[in-house]
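Participant: pasting the structure only:
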C-alpha cells in the first residue's frame, strides 16, 4: 500500500475518478488506495485546491460502491453506535492517533493555516463522516483508524472484491 508522498497521479486515474465522481476531480496529488482491479478507490487531495480553497479532506473516497455503502451506514444510524466506541479509553486514544497520522500525511503536501489541526470525519473526538473515515482506513491500512475500520467491517462492500465495470473504467 502506498504511503505519502504519493507518486504523481496518472491521467487514466484522473479519468476514472472523474467518472466515479461524475465531475472533474480537484487537487488530486495521488491515489491512496486502489480496488483489486487497479481502479482508484481513495485519492489524496492537496490541502489547498488549485483555486486557493483550503481542503482538509486529504483522503477522499471515490469508489461508487464504497461511497454508497458509507451513505447507507450513515442513513441506518450507524454513527452513534460507532461513536459510542470512543467511550473506551483505548479506542479514543487510537482515534486521536489516527487524527495525528492523518494530519502528518496531509502536511507532506503543504501547510494551510486555515485548516491547521483539522483532519476529517470528526476526528479526534467525534464521528461525523464515515466516507472520510473509511477513506483514511483504506489509505492507511487496517489498525490505524479504528472507526474507519469498523465502518468498513459493517459495510457490504469489500476492498478485496472488485465491483468496477472493468479495469480502467468506473463502476
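Facilitator: Cool, got the structure. In this text the structure is predicted, and so the values were computed from the model without any measurement.
Participant: From residue 89, how far out is the residue nearest the centre of the chain?
Facilitator: In the chain, the residue lying closest to the centroid (C-alpha atoms, centre = their mean) is residue 135, at 2.0 Å. As judged by C-beta to C-beta, to the nearest Å, residue 135 and residue 89 stand 26 Å apart. Every residue, glycine included, has its C-beta placed from N, CA and C.
Participant: if we can go back for a sec, check contacts around the residue nearest to the centre of the chain.
Facilitator: Counting by C-beta atoms under 8 Å, 6 or more residues apart in numbering, residue 135 touches 32-33, 42, 57, 59-61, 120, 148.
Participant: from the middle of its chain, how far away would the strand or helix carrying it be?
Facilitator: Assigning secondary structure by DSSP states H and E places residue 135 in helix 130-140. In terms of C-alpha atoms, centre = their mean, to the nearest Å, the centre of helix 130-140 is found 4 Å from the chain centre.
Participant: now the helices for this protein?
Facilitator: Using DSSP state H, the helices of the chain run over residues 11-21, 64-75, 78-84, 89-107, 130-140, 146-154.
Participant: nearest to residue 162, of these?
Facilitator: helix 64-75 (9.7 Å; C-beta to C-beta).
Participant: tilt between the closest one and helix 11-21?
Facilitator: Put simply, helix 64-75 runs at 40 degrees to helix 11-21, going by axes from the mean of the first three to the mean of the last three C-alpha atoms, to 10 degrees.
Participant: Run through the neighbouring helices and strands of helix 64-75.
Facilitator: Packing partners of helix 64-75 (3 or more C-beta pairs under 8 Å, 6 or more residues apart in numbering; DSSP states H and E): helix 130-140, helix 146-154.
Participant: How about residue 54: what's its closest non-neighbour residue?
Facilitator: Spatial nearest neighbour of residue 54, excluding adjacent residues (C-beta to C-beta, 6 or more residues apart in numbering): residue 114 at 4.2 Å.
Participant: same question, residue 105
Facilitator: The spatial neighbour of residue 105 that comes closest, neighbours along the chain excluded (C-beta to C-beta, 6+ apart), is residue 4 at 4.7 Å.
Participant: show me what contacts that neighbour?
Facilitator: 30, 44, 105, 108-109.
Participant: so how far is stretch 27-41 from its chain's centroid?
Facilitator: So, by C-alpha atoms, centre = their mean, the centroid of stretch 27-41 is 11 Å from its chain's centroid.
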